[in-house]
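**Q** Got a predicted structure here, sequence first:
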Amino acid sequence: MSDRRRIVAMGGGGFTMEPDNPALDDYILSLTDAREPRILFLPTASGDPTAQITSFYGRFGRTASAAHLSLFRRHGSSRTLADIVLEQDVIYVGGGSMRNLLAIWAAHGLDLLLREAWERGIVLAGLSAGAMCWFEGGITRSGGPPEIIRGLGLLPGSFTVHADGEPERLPVWLHAVRRGELPGGWAADDGVGLLFHGRKMAKVVSSRPGTAALRVDAIGGELVRHRIEPRLLGRTAGRPLETPTSDAIRELRDLRRGGLRRD
């Protein structure tokens with residue numbers, strides 16, 4: 001039986017960075033068999049900004065049962081966090097300050113609930129801080145200059161984001177891996193997503209041509225690097241590729257469930 005625990009870690013992209021390109025967001029929805037997937041957005045890392053929440057509903061409101069969880073505005077809510085989190089099919093974490101994200105999650109016990117959600121087979125996804133948080137560590141700019149930060153450790157190794165968009169992060173990460181301050185791991189360009197089944201990396205995809213991921217390990221004090229070419233999602237140069245668009249997601253789920261016949 002395949003491992004039902006799945007995480008999509010994006011170096012950057014999705015609705016907050018690519019408002020006109022739904023490829024990564026469609027890919028995340030396609031990982032669940034639910035006819036109308038329930039997706040929960042956690043905008044904690046950016047302080048629950050209204051604009052980001054509005055963009056989330058603009059992207060997912062017509063293709064899923066979308067909701068958001070604002071930890072800064074919980075006053076008067078009658079539902080527990082467990083009730084909200086554990087009923088979802090997908091949990092999507094936005095970018096921002098990873099240091100603030102982890103501190104606020106821990107204060108509410110949400111870090112433990114997200115681990116439980118993962119163990120139950122709820123798809124976890126996120127970009128930037130919302131991607132690095134699942135790993136043992138990464139490189140944050142929460143305090144200004146790039147620096148090492150520890151994560152939740154659901155996934156082994158380290159992860160650094162925006163490899164092409166914020167290249168100043170990369171040398172700090174490489175130095176930390178070389179010195180053993182962070183374990184080996186992955187760097188991802190904007191638009192690149194890494195899919196993990198359980199604790200193993202299964203696939204690399206991208207919404208943008210010309211992007212890549214990088215696997216780096218320290219062996220005998222030297223860095224060993226391996227470039228990973230992603231599978232391109234969505235459409236490029238007017239030609240459809242493998243991953244379904246928003247309009248096709250429900251049809252594919254119906255086909256999996258035997259709800260549609262093709263003669």
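**A** Nice, I can see it.
**Q** what's next to stretch 60-68, contact-wise?
**A** With contacts defined as Cβ atoms under 8 Å, 6 or more residues apart in numbering, stretch 60-68 is touched by 15, 25-26, 29, 36-43, 53, 56-57, 84, 90, 246, 249-250. The C-beta positions use only the backbone N, C-alpha and C, and glycine is treated the same way.
**Q** Apply 10 Å and report the result again.
**A** The contact list for stretch 60-68 (Cβ atoms under 10 Å, 6 or more residues apart in numbering) reads 15, 22, 25-26, 28-29, 32, 34-43, 48, 52-54, 56-59, 84, 87-90, 92, 94, 245-247, 249-250.
**Q** Can you give me the distance of the closest residue in space to residue 23 that isn't next to it in sequence to residue 191?
**A** Once flanking residues are discounted, residue 23 sits nearest to residue 234: 3.2 Å by Cβ to Cβ, 6 or more residues apart in numbering. According to Cβ to Cβ, to the nearest Å, residue 234 stands 10 Å off from residue 191.
**Q** For the host helix or strand of residue 215, what is the distance to the chain centroid?
**A** Remark: residue 215 resides in strand 213-219, with elements defined by DSSP states H and E. Put simply, strand 213-219 sits 20 Å off its chain's centre (Cα atoms, centre = their mean, to the nearest Å).
**Q** rewinding a little: out of the contacts of stretch 60-68, which are inside strands?
**A** Using DSSP state E, the members of the contacts of stretch 60-68 that fall in strands are 38-42, 90, 92.
**Q** Can you tell me which of these is closest to residue 118?
**A** Residue 118 lies nearest to residue 90 out of the ones in strands among the contacts of stretch 60-68, by Cβ to Cβ, at 11.6 Å.
**Q** so what's the closest one scoring on pLDDT?
**A** You'll see residue 90 listed with a pLDDT of 98.
**Q** Check which residues of stretch 156-166 are buried.
**A** Residues of stretch 156-166 classed as buried by neighbour count (16 or more other Cβ atoms under 10 Å): 157-164, 166.
**Q** Model confidence for the closest residue to residue 168 other than its chain neighbours, exactly?
**A** Computed as Cβ to Cβ, 6+ apart, the closest residue to residue 168 that is not its neighbour in sequence is residue 146, at 5.8 Å. pLDDT recorded at residue 146 is 94.
**Q** And for residue 4?
**A** What the model reports as pLDDT for residue 4 is 91.
**Q** Equivalent analysis for residue 206, please.
**A** Confidence at residue 206, expressed as pLDDT, is 98.
**Q** My guess is it contacts residue 164. True?
**A** No. The criterion here is Cβ atoms under 10 Å, and residue 206 misses it with residue 164 at 11.2 Å.
**Q** any shared contact partners between these two?
**A** 11, 188-192, 212.
**Q** Take these and lay them out in JSON lines including distance to residue 198, secondary structure and neighbour count.
**A** Converted to JSON lines, the shared contacts of residue 206 and residue 164 look like this (distance: Cβ to Cβ, whole Å; DSSP: H, G, I helix; E, B strand; the rest coil; neighbours: other Cβ atoms under 10 Å):
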{"residue": "11", "distance to residue 198": "21", "secondary structure": "coil", "neighbour count": "31"}
{"residue": "188", "distance to residue 198": "19", "secondary structure": "strand", "neighbour count": "31"}
{"residue": "189", "distance to residue 198": "24", "secondary structure": "coil", "neighbour count": "22"}
{"residue": "190", "distance to residue 198": "26", "secondary structure": "coil", "neighbour count": "23"}
{"residue": "191", "distance to residue 198": "25", "secondary structure": "coil", "neighbour count": "28"}
{"residue": "192", "distance to residue 198": "20", "secondary structure": "strand", "neighbour count": "28"}
{"residue": "212", "distance to residue 198": "24", "secondary structure": "coil", "neighbour count": "17"}
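**Q** Which pair in those residues has the greatest spatial separation?
**A** The most widely separated members of those, counting by Cβ to Cβ, are 190 and 212 (11.1 Å).
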